[in-house]
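no sequence on this one, just coordinates:
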Ligand code: NAD
């Protein structure tokens, strides 16, 4: 049994669905259902006894304690977070609360639970903390990609709170021996993403015939990973990762935002041609995000060499599947 936090969000719901399909291991899913959480992401699991959904806050220590004692998970997969950089600039307090205080609450309760497990279960227990490449800051055009030992240099309130939570997790391993692992992943894309994020936002805007807002000059580079490849990586780290270690996860798919939007437009032009021109005609440049990191790139050689994970999707194949998924969703809603 796994305790997953944030399992109604984008990556969390993909993780719950794919892990259950792959292994059938029961999951308790703790999610506060903020604006980013959506139970419809888990519709396929309605009536499935292997999945127990609990609406609640990771900061609620009594609830976390009760869930650990009742379900006795072999691992905590911690994905719950406030995750949108723009929102962290507008209002950082919620980010400190969930990402820092919430992670602390989970660590404390996990440590108490872990200490009273019998020796074999204690040795097998894992706390997997899901984090981001944004903790490493921004790269110049020719800098090497982020490795596991790249110094932290978070630039936004979001990445600063994720960095703080990573440090707490690391400290719980070093100080108390809690068998924790940290993963730092690049930008994810795929089904079930909240429409404020770049790819679903662009698809929704394009299909509505509305402007496609690209920040600044569109030259910011992100390294993209298909969400189900991330989920496989998380399962691989859970089963084969060494406690106390950090694993960087990435798709080796660096792309400028403007090129990504143009690629999306071309896919949409094929799948759903627009009368009167290409979707690319809708691209408009808008005022840049304050402190916008220029480039992220992940060096994922460690997870590939040490525990044998590598992504299955190329950027092209993953993006094609993603566009198809959003188009199918729209058709289903319209029917
Ligand atoms: P998301 O915003 O889509 O989902 C977050 C989920 O957490 C939501 O379901 C929300 O309801 C829940 N949540 C928020 N606060 C909570 C609280 N206090 N208690 C319980 N649940 C709470 O985020 P995501 O994109 O799925 O990201 C998941 C994790 O992966 C985050 O930790 C994020 O930092 C990390 N990550 C995301 C990306 C990405 O590209 N999306 C990349 C690397 C790492």
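Structure's in. What do you need? All values derive from a computational prediction rather than experimental measurement.

could you pull out the strands for the stretch 1-150 of the chain?
With strands called from DSSP state E, counting those that start in this stretch, the stretch 1-150 of the chain shows them at 2-5, 27-31, 51-55, 75-78, 126-132.

which of the residues in whatever helix or strand comes next after the longest one are buried?
What that stands for is strand 126-132. Going down the chain from strand 126-132, the next helix or strand is helix 157-171, by DSSP states H and E. With burial defined by 16 or more other CB atoms under 10 Å, the residues of helix 157-171 counted as buried are 157, 158, 159, 160, 161, 162, 163, 164, 165, 166, 168, 169. (C-beta placed from N, C-alpha, C; glycine too.)

Helix 157-171 close to the ligand?
Yes: applying CB under 6 Å from any ligand atom, one finds helix 157-171 touching the ligand at residue 162.

residues in contact with the closest residue to the ligand within the chain?
Nearest residue of the chain to the ligand: residue 9, at 2.0 Å (CB to the nearest ligand atom). With contacts defined as CB atoms under 8 Å, 6 or more residues apart in numbering, the neighbours of residue 9 are 31, 36, 37, 38, 41, 79, 80, 83, 194.

which parts of the stretch 151-300 of the chain sit against the ligand?
Residues of the stretch 151-300 of the chain found near the ligand, taking CB under 6 Å from any ligand atom as the criterion, are 162, 185, 187, 188, 194.

to the chain's geometric centre, what's the distance from stretch 265-282?
Remark: stretch 265-282 is offset 29 Å from the chain centroid, using CA atoms, centre = their mean, to the nearest Å.

for that stretch, how far is the first residue from the last?
Start and end residues of stretch 265-282 are separated by 9 Å (CA to CA, to the nearest Å).

quick one: contacts of it?
In contact with stretch 265-282 (CB under 8 Å, 6+ apart) are residues 203, 205-207, 209-212, 261-262, 264, 283, 319-320, 323-324, 327.

Okay, strands next: where are they in the stretch 201-335 of the chain?
Under DSSP E, counting those that start in this stretch, the stretch 201-335 of the chain gives strands at 212-215, 221-226, 246-249, 254-256, 283-286.

So what touches the longest helix along the chain?
Longest helix in the chain, counting residues (DSSP state H): helix 315-334. Identification of contacts with helix 315-334 by CB under 8 Å, 6+ apart yields 189-191, 199-200, 203-204, 207, 224, 226, 229, 251, 253, 255, 263-264, 267-268, 271-272, 313.
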